[in-house]
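Peer 1: quick check, what structure comes out for this input:
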Amino acid sequence: MSVPAAGPAPANKYVTAVTLAAAPAGVFRLLADVEALPRWAPEFCERVDLEGGGWRALTVAGEADCTLTADEAAGTIELELTAVGGDSRVDLALRVVALPAGGALVTLAQVRAPEQPEAQFARQRQALLAALWGLAGRFAAPDVAADRGRPRLGADPWRSEWALDADD
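Peer 2: Alright, predicted model coming up:
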């Protein structure tokens with residue numbers, strides 16, 4: 001009996017975190033403003049427009065209807081992007097937490113919809129990572145500023161990226 005070789009399954013969820021030397025309330029306001037998405041995540045979203053009573057974004061994956069729900073007391077932001085003329089959907093969850101020594105911890109979770117092509121998911125993930133690196137440069141903590149705003153992934157447990165298995 002032979003056992004088929006099992007390669008790594010594509011990840012369906014990614015969680016990324018970054019520490020920022022900024023007041024959590026200000027970071028939350030920036031991230032919770034749907035119109036600010038192209039400013040803090042230009043690699044992921046080129047523009048956001050109000051069309052027909054709803055938001056439409058031009059993202060790395062194309063045009064998508066955009067819904068943002070924010071809860072300032074909990075520090076949570078949910079962003080749902082549904083492809084225009086299609087069933088593909090991207091769900092992003094952000095959380096902004098105050099750090100005991102000052103500053104903010106921002107986590108971003110990206111969930112891959114079953115119908116989303118793996119390559120598209122990977123492009124979005126890379127664009128979102130670049131956006132978080134940009135935030136780290138904009139709100140540079142002392143250990144980040146020395147690295148020109150690019151967090152060293154895995155160098156700090158508070159600022160790293162990891163994939164979650166489908167069962168997590």
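
Peer 1: now residue 69: closest residue in space, sequence neighbours ignored.
Peer 2: Closest residue to residue 69 apart from its sequence neighbours, by C-beta to C-beta, 6 or more residues apart in numbering: residue 78 at 4.6 Å. Heads up, the C-betas are built off the backbone N, CA and C, glycines and all.

Peer 1: parallel or antiparallel, which strands does the strand or helix carrying that neighbour pair with?
Peer 2: Element membership for residue 78, per DSSP states H and E: strand 76-83. In the sheet, strand 76-83 lines up against strand 62-71 (antiparallel), strand 89-98 (antiparallel) (DSSP bridges).

Peer 1: centre of the chain versus it, how much separation?
Peer 2: Centroid separation between strand 76-83 and its chain, computed with C-alpha atoms, centre = their mean, to the nearest Å, is 10 Å.

Peer 1: and the contacts of it?
Peer 2: Outside strand 76-83, the residues within contact range by C-beta atoms under 8 Å, 6 or more residues apart in numbering are 28, 31-32, 34, 37, 57, 59, 61-71, 88-96.

Peer 1: if you set the cut-off to 6 Å instead, what comes out?
Peer 2: Residues outside strand 76-83 that contact it (C-beta atoms under 6 Å, 6 or more residues apart in numbering): 31-32, 64-70, 89-95.
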